[in-house]
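Undergrad: coords please:
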Amino acid sequence: MKQITATGENVEEAVQSALEELQTSRDQVEIEVVDEGKKGFFGMFGAKPAIVKATLARNPVQDAETFIKEVAEQMGAPVEITTDVNDRDVHMELTGNKIALLIGKRGQTLNALQYLTQLTMNRETDRFYTVILDAENYRARRKETLENLASRLAEKASRTKQNVKLEPMPSYERKIIHTALQSSRQVETFSDGHEPKRSVVIKPAK
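TA: Numbers count the residues shown, from 1 in each chain. Purely as a prediction, here's the structure:
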């Protein structure tokens, strides 16, 4: 976090000076008044300037965007990011000429980047943010793929009377499987294993 000391004829002017130097707004800084200053006689003799310390508050969303751009640059796939924040849910849409590199096979690279971005955002903060990274509408297409997969494997489990275990998936993808089959009378679902190797198991209903 960046911290500066600024002065002014009074506290208000000192704060304004600090904001101008940091090029930010009042809600983005923490202000500590070091000295309230003194006007002096006739506004001149014995006057002392007001002194404040201004600390630029950490912005977890900006930290996350910077992290993603740095990683993408190192991978040779620079991106632009459109971010939508809804309370603690943060959705980031990535665009770029080589976006396929950031998606990876079955979204594995995108999932890994999403996990690391969430760690970056939640570092040194008292709020927990949930991050979703998307690119080229991948999440919607993946959701449709998983729902179709759930239907096929549910039919297999029901037909063979045996459990069917899916490949390991992140929690929000497992949720898609569970939700797709929650109203089924033929099968039940549960998660098995430990992160990051936790998988959905589809079993015939009793």
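
Undergrad: Contact partners for residue 196?
TA: Residues in contact with residue 196 (CB atoms under 8 Å, 6 or more residues apart in numbering) are 168, 170. Bear in mind the C-beta positions are built from the backbone N, C-alpha and C, glycine included.

Undergrad: which residues in this protein form strands?
TA: 3-8, 29-35, 50-56, 80-86, 89-95, 130-135, 164-165, 187-192, 199-204 (DSSP state E).

Undergrad: for this structure, longest helix please?
TA: Counting residues, the longest helix found in the chain (DSSP state H) is helix 138-160.

Undergrad: So, low pLDDT: which residues of the protein?
TA: Counting by pLDDT under 70, the ranges of the chain that qualify are 1, 40-46.

Undergrad: repeat that with 90
TA: Scanning the chain for pLDDT under 90 picks out 1-63, 87-88, 105-106, 121, 123-129, 170-172, 195-197, 206.

Undergrad: Tell me what angle the longest helix of the chain forms with strand 187-192.
TA: 120 degrees (axes from the mean of the first three to the mean of the last three CA atoms, to 10 degrees).

Undergrad: Pull the distance from helix 138-160 to the chain's centre.
TA: Centroid separation for helix 138-160 versus its chain: 28 Å, with CA atoms, centre = their mean, to the nearest Å.

Undergrad: same question, stretch 27-42
TA: Remark: stretch 27-42 is offset 36 Å from the chain centroid, using CA atoms, centre = their mean.

Undergrad: helices and strands around the longest helix of the chain, which ones?
TA: Applying 3 or more CB pairs under 8 Å, 6 or more residues apart in numbering; DSSP states H and E, we find helix 138-160 packed against strand 164-165, helix 171-181, strand 187-192, strand 199-204.
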